[in-house]
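>>> Output the structure for:
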Amino acid sequence: MGNHVEFERQARDALAKHLGVELRVDKIDINGKLKSFDIVNKSQRIVGDAKNYETTSGGNTPSAKISTLNEYCWFMQMVEKYNPPGRWRKLLVIGEDKGLVQNYVKRHNKWIDDIEIYYFSYKNGIERVR
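Next up is the predicted model:
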């Protein structure tokens, strides 16, 4: 658990530095229900989340984790509808396995609209993939 929280914190800090904005964990109202996101700056209309995922030991794409990424993309796409007026910058940071990130973008590109995808590693820092 602590490792996941540490990843989220370091990924958020690296992204904040990269973008030159302050980011924090916060909740955003989506149709009357508060949803927590790892990457938020309400005044600058930025929303996102960080996930530390890797390919399974058998080399397979972790389907349940991909479903979670899709769920967060959907939630972020709902933010504008329920928090008008104007566009929000939507960000997803995925860590651990760059191949998984690239495969996710390749397979889901048409569905993830204007969501920016970043890869984060402790060694190499933050890198925009999409």
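
>>> low-scoring stretches of this structure, by residue?
Residues of the chain meeting the criterion pLDDT under 70: 1-2, 54-56.

>>> give me phi/psi at the residue nearest the centre of the chain?
For the chain, the residue nearest the mean C-alpha position is residue 92 (2.0 Å; C-alpha atoms, centre = their mean). When read as degrees, to the nearest 10, the backbone of residue 92 gives phi -130, psi 120.

>>> Go through this protein and flag its longest helix.
helix 63-82 (DSSP state H).

>>> and the closest residue to residue 24 other than its chain neighbours, which of the three is it?
Of all residues not flanking residue 24 in the chain, residue 40 sits nearest, at 6.0 Å (C-beta to C-beta, 6 or more residues apart in numbering). (Each C-beta comes from the backbone N, C-alpha and C, glycine too.) Taking DSSP: H, G, I helix; E, B strand; the rest coil as the rule, one finds residue 40 in the strand state.

>>> wait, residue 40 sits on residue 34?
No - the pair residue 40 / residue 34 is not scored as a contact, 11.6 Å apart, by C-beta atoms under 8 Å.

>>> So between those two, which is more surrounded?
For residue 40 versus residue 34, neighbours defined as other C-beta atoms under 10 Å are more numerous around residue 40 (24 against 9).

>>> re earlier: identify the residues contacting the residue nearest to the centre of the chain.
If a contact means C-beta atoms under 8 Å, 6 or more residues apart in numbering, then residue 92 has 48-51, 69, 72-73, 76, 112, 115-118 as its contacts.
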